[in-house]
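# Pasting the sequence and the predicted coordinates here, then a few questions.
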Amino acid sequence: MKSLRVFQLTTLALVLVSVVQVGWWLLDQRSYAHQSVAAARTAYAEQAVAAQALIEAGVSPERVTQVLPKILVAGGRAEIAPAVNAALGAEERSRQRQYAWEGAFFLLALGLCIAVIARALRAEARVLEEQDSFLALVSHQFKTPLASLQLSLETLALRAPPPEQARVLIDRMLSDLTRMELMVTQILESARLERGRVDLRCESLQLAGAVGRVVSQLEERARKARVRIAVHVEPQLQVLSDPLALDVVVRNVLENALAALAPVGGGEVTLTARAVSGEVELAVRDSGVGFAPADGARLFQKFTRLHPGGGAGYYGTGLGLFIVRRMMELAHGRVSAHSDGPGQGASFVLAWPAVPGPPA
Amino acid sequence: MSAQGKAPRVLVVEDDPHLAAGVMENLRAEGYEVSAAADGEQALEWLKAETCELIVLDVMLPGIDGFGVCRTLRAQGNSTPVLFLTARGDPADRVRGLESGGDDYLAKPFHLQEFLLRVRAILRRWDWYHSASATAATAIMSFGGNEVDFRVFRARAWNGEAHELTEKEAMILKVLAEHGGQIVSREDLLEKVWGYDVFPSTRTVDNFILRLRKRFERDPANPRHFLTVWGVGYRFLKDGEP
């Protein structure tokens, strides 16, 4: 941040010097133009004096006008021709206009430079701030399972517990390690998604197949957590998505539902799909802890946790729903969450572009 | 064991089930009676009906965070000591925790023995405070027209004004009163009231002394009871400086 500050100050100083330089140049040119015209007027005035002297010495006015063409001789008097006077005035005004336009152009260009640099600096500062905040959040997320791991190990070392209690501690440590592994995977995945370094394919996929795969993977865990999963997805529903991304988003939303049911000791999750105006929607409803309606959008931000872990072996990383949102955005789909309030359960709706039907 | 002879009761407020289980098992193994709450609201609800000798409070809780829970408790007049557990261990955060009314602060991940040591230290300090305020003679102290009731953390000042004392103010007052007339160093006050390494600076003690002077001195700029011994600490004179 120190080098950024030095760069900011140096840039600002350079731009200020440039503005002063342009200002000085403007004044100098204006003054120079004025002086040049004044000098020309003086020279013509001297020619008029010389012409007058020639006339008084008996030289014919025609001859004087021939020698000094800018001088007008009328009624025995010599003076600068009005057209010359007007031309000098016009020249002075023209030059001042030119400098004013050029100066304004330079100042505008400098102003644009300042705006571009300031914008780039602000963007850089924002990126650094986001990185700091991300690192702080990541380190915070890691410290809790680390603390649990350390506590279990030190408990084993300090208390030499009987085998059955040691087994509980070992299982806890293994679970903490799994949690940290999941966090690493999700953090890397979310970082890649955020930087747009993910190339998602776009294929026609059977939604029921993806839902069936994910449900079968989580069935055992759901059973242990006393959660019943009901699926109502017609086999003909096809969505446009990446095959891996489809499994990931369905899995993350279903895992979120299991987490919401853990604190209330289980319940039901219903997955219902339907085709609606060019999209295929999958609604995942749970009878879990729910959330305040205003928190619906916040759920999809990184590291948002509205409820405690609760138990039943589930631990949120705070990244699952963020990954869902980004993957749905990349798949040109959408995701939304709704709950009538704490204790009222929740509903998550995933919507993908539907596969266009064959031409009639 | 507490002064009353029964196992001290500890409330563990931690949303991570593994960490909560580990902390609770170890506290039970040390002979404490342990209860648990998974978030701030549950903790506040539990404390409406129950009491305990210590609250082990996670800072990053869903809903009301640990600082908020502690502030709410103090505003309700609940002076149960609080040991904060947090993943953020920077000095600014520590001070924030202690200013919200916490007694100690431990950054995650922590060593089990250090955690148990800190729990014992907090309970020992409170045990001392309750023992030192147990009898009618030691529970109430009168000085310079002021009257302090250490049991209920209340005082009536020389001008008739009633004051609710924070637990730290009451503890400092108790330490000074126990050493009436003697010089007590800032470090001794820190050790006795907060523990060995909780605060980053002894200036905190000075701020608490200023608060006590404002409450109990007739002229806080020219104190007669809470005297500064420059470069060392403080001396409390019950009868006031002649």
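Ah, there it is. Computed from a predicted model, the values in this text were never measured in an experiment.

# Which secondary structure elements does the longest helix seen in chain B sit against?
With DSSP state H setting the assignment, residue counts place helix B:112-132 as the longest helix in chain B. If you count contacts as 3 or more C-beta pairs under 8 Å, 6 or more residues apart in numbering or on different chains; DSSP states H and E, helix B:112-132 packs onto helix A:82-159, helix B:17-29, strand B:54-58, strand B:82-86, strand B:104-107, helix B:167-178, helix B:186-193. Where you see a C-beta, it was placed from the backbone N, CA and C, and this is true even at glycine.

# closest one to A:W25 among these?
Closest to A:W25 of the helices and strands packed on helix B:112-132 is helix A:82-159 (C-beta to C-beta; 7.2 Å).

# near chain B at all, that closest one?
Yes. Using C-beta under 8 Å from any C-beta of the partner chain as the criterion, contacts between helix A:82-159 and chain B involve A:136, A:139-140, A:143-152, A:154-155, A:158-159.

# ChimeraX command to pick out the buried ones of those residues?
Under the burial definition 16 or more other C-beta atoms under 10 Å in any protein chain shown, those of the residues of helix A:82-159 next to chain B that qualify are selected in ChimeraX by:
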select /A:140,143,144,145,146,147,148,149,150,151,152,154,155
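
# Okay, domains of chain B per the record?
Domain assignment of chain B by automatic domain parsing yields the ranges B:9-132, B:166-236.

# Deepest-packed of the ones you listed, please.
domain B:9-132 (a mean of 20; mean count of other C-beta atoms under 10 Å in any protein chain shown).

# From the opening residue of that one to its closing one, how far?
20 Å (C-alpha to C-alpha, to the nearest Å).

# mean confidence score for it?
pLDDT averaged over domain B:9-132 equals 89, rounded to a whole number.

# how is chain A carved up into domains?
Recorded structural domains for chain A (assignment: automatic domain parsing) are A:2-130, A:133-194, A:203-353.

# For B:A177, which of these is the nearest?
With distances scored as C-beta to C-beta, the stretch of the domains of chain A nearest to B:A177 is domain A:133-194 (39.2 Å).

# So the residue of chain B found nearest chain A: helix, strand or coil?
Using C-beta to the nearest C-beta, the single residue of chain B nearest to chain A is B:D15, 3.3 Å away. Here B:D15 is coil, with the state taken from DSSP: H, G, I helix; E, B strand; the rest coil.

# Now the phi/psi pair for it, please.
Backbone torsions for B:D15, taken as degrees, to the nearest 10, come to phi -90, psi -10.

# Touching, it and B:P62? I think so.
Yes. The pair B:D15 and B:P62 qualifies as a contact (C-beta atoms under 8 Å) at a distance of 6.0 Å.

# Those residues of chain B touching chain A, which are they?
Of all the residues in chain B, those in contact range of chain A (C-beta under 8 Å from any C-beta) are B:15-19, B:21-23, B:25-26, B:29, B:38-39, B:60-63, B:85, B:87-88, B:108-113.

# ok so, going back, can you say which of the domains of chain A is packed in most?
Mean neighbour count (mean count of other C-beta under 10 Å) peaks for domain A:203-353 among the domains of chain A, with a mean of 19.

# can you tell me which strand in chain A is longest?
Among all segments of chain A classified by DSSP state E, the strand with the greatest residue count is strand A:267-276.

# show me what contacts the closest residue to B:A107 other than its chain neighbours?
Of all residues not flanking B:A107 in the chain, B:G89 sits nearest, at 2.8 Å (C-beta to C-beta, 6 or more residues apart in numbering or on different chains). Applying C-beta atoms under 8 Å, 6 or more residues apart in numbering or on different chains, one finds that B:G89 lies in contact with B:105, B:107-108.

# Kindly recompute the last result at 10 Å.
For B:G89, the contacting residues are A:143, B:105-108, B:110, by C-beta atoms under 10 Å, 6 or more residues apart in numbering or on different chains.

# now it, what's its secondary structure?
Taking three-state DSSP as the rule, one finds B:G89 in the coil state.

# again with B:K6
For B:K6, the secondary-structure state derived from three-state DSSP is coil.

# Would you mind confirming that it is in contact with B:E33?
Yes. In this structure B:K6 lies within contact range of B:E33 using C-beta atoms under 10 Å: 8.1 Å.

# Could you give the number of residues near B:A134?
In terms of burial, B:A134 registers 14 neighbours under the definition other C-beta atoms under 10 Å in any protein chain shown.

# so it makes contact with B:I140?
No. Counting by C-beta under 10 Å, B:A134 stays clear of B:I140, with 11.8 Å between them.

# what do those two both touch?
Common neighbours of B:A134 and B:I140, counting by C-beta under 10 Å, 6+ apart, are B:150-151.

# quick one on the thing from earlier: same list as before, the helices and strands packed on helix B:112-132 that is, but in JSON lines and with distance to B:G240 included.
Formatted as JSON lines, the helices and strands packed on helix B:112-132 follow (distance: least, C-beta to C-beta, whole Å):
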{"stretch": "helix A:82-159", "distance to B:G240": "50"}
{"stretch": "helix B:17-29", "distance to B:G240": "45"}
{"stretch": "strand B:54-58", "distance to B:G240": "37"}
{"stretch": "strand B:82-86", "distance to B:G240": "35"}
{"stretch": "strand B:104-107", "distance to B:G240": "34"}
{"stretch": "helix B:167-178", "distance to B:G240": "14"}
{"stretch": "helix B:186-193", "distance to B:G240": "21"}
